[in-house]
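# output the structure for:
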Amino acid sequence: MCRTLAAFPTTCLERAKEFKTRLGIFLHKSELGCDTGSTGKFEWGSKHSKEKNFSEDVLGWRESFDLLLSSKNGVAAFHAFLKTEFSEENLEFWLACEEFKKIRSATKLASRAHQIFEEFICSEAPKEVNIDHETHELTRMNLQTATATCFDAAQGKTRTLMEKDSYPRFLKSPAYRDLAAQASAASATLSSCSLDEPSHT
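Below is the predicted model:
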């Protein structure tokens, strides 16, 4: 019986370990890119319940784009995938905007706004995102009096682009499909182990 993690049958422990390894390989294998920075770090737990939560997390990414973006592991995996398509700038811009909105100092807000514009919006920016001319000009005008919402239009455009274009390809990618299959198997195995645990009254 599976009374504790140490007492799990060998197959249960092996499947849990295999799943964790699969998640690590997903981000680190060469064909998925090598350096994802802070967005490329999975968060691990050591307990059985944590393993199950990660399985559910991975399977939840296909339910909606919002669920993917709300998951730190999902963002890391999506970023790794975007690097293979050379379009990671869209996600990096979206994340930069999310962090930008948390700034409370007006001075820091204005400074960071110009940094983001120079990095992602202006012509020939090192990580220029694909937005239309009207949105580009609106964002440029917003910088004259920078507020927490000055990038909303541009951020919305890049989010829509990712949701309609990159996200479906991510879900259809062999890497994610393999990962989801591993998650389903791990979840089922860990659930069966839980059912084997004796009830305490």
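# so for the spatially closest residue to Ser187 that is not a sequence neighbour, what's the pLDDT?
Spatial nearest neighbour of Ser187, chain neighbours left out: Ser55 (3.8 Å); criterion: C-beta to C-beta, 6 or more residues apart in numbering. Backbone N, C-alpha and C define where each C-beta goes, glycine included. pLDDT, Ser55: 86.
# I'd say Ser55 and Ala181 touch.
No - the pair Ser55 / Ala181 is not scored as a contact, 11.1 Å apart, by C-beta atoms under 8 Å.
# which one of those two has more residues nearby?
Between Ser55 and Ala181, counting by other C-beta atoms under 10 Å, Ser55 is the more crowded of the two (24 against 11).
# pop out the phi and psi values for that one.
The phi/psi pair for Ser55 (degrees, to the nearest 10) reads phi -60, psi -50.
# separation between it and Pro168?
Ser55 sits 22 Å away from Pro168, taking C-beta to C-beta, to the nearest Å as the criterion.
# same check, this time on Thr139
27 Å.
# among the two, which residue is more densely surrounded?
Counted by other C-beta under 10 Å, Thr139 and Pro168 do not tie: Thr139 has more neighbours, with 23 against 12.
# tell me the pLDDT at the more buried one?
96.
# which SSE is it in?
Assigned by DSSP states H and E, Thr139 belongs to helix 133-142.
# check Glu63 too.
Here Glu63 is assigned to no helix or strand, by DSSP H and E.
# which other helices and strands contact the strand or helix carrying Asp66?
Asp66 is located in helix 65-70, with elements delineated by DSSP H and E. Packed against helix 65-70 by the contact rule (3 or more C-beta pairs under 8 Å, 6 or more residues apart in numbering; DSSP states H and E) you find helix 72-84.
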